[in-house]
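>>> One predicted model, sequence on top.
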Amino acid sequence: MAKDGTLKYPVIAVNDALTKHLFDNRYGTGQSTLDGIMRATNILIAGQRVVVAGYGWCGRGLAMRAKGLGADVIVTRSIPRAPSKP
């Protein structure tokens, strides 16, 4: 349609965009994970200690959302670094 000139407005393939994946991983995962935990356990996150293993895009989203809900957030590394050389 774009080649024929019949397309009335520009179309962007959003699902193929890198920013969509980053946005979904960072914000969507944190929100849905904590929402599921709160609904399943019927506890509030405020005042709780939350340990996040790893700090990739999903871990960042989870840590950010837990901190926003008032939790004490601890982030651990899931892949330990090699010892530094003196």
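Structure received.
>>> Leu22 and Thr33, how far apart?
Using CB to CB, to the nearest Å, Leu22 is found at 17 Å from Thr33. The way it works is simple: take the backbone N, C-alpha and C, and place the C-beta from them, glycine included.
>>> Neighbour count: the two, which is higher?
Neighbours were counted for Leu22 and for Thr33 using other CB atoms under 10 Å; Thr33 has more, 16 against 12.
>>> Surely the more buried one is in contact with Ala63?
No. Thr33 lies out of contact with Ala63 (CB atoms under 8 Å); the separation is 10.9 Å.
>>> burial measure for the closest residue to Val11 other than its chain neighbours, as a count.
Spatial nearest neighbour of Val11, excluding adjacent residues (CB to CB, 6 or more residues apart in numbering): Ala2 at 7.7 Å. Burial measure for Ala2: 8 neighbouring residues, criterion other CB under 10 Å.
>>> again with Ala13
When neighbours are defined as other CB under 10 Å, Ala13 has 7 of them.
>>> Likewise for Gly59?
19.
>>> where's it, which helix or strand?
In the assignment (DSSP states H and E), Gly59 maps to helix 57-68.
>>> helix or strand right after that helix?
Next in sequence after helix 57-68, counting helices and strands by DSSP H and E, comes strand 72-76.
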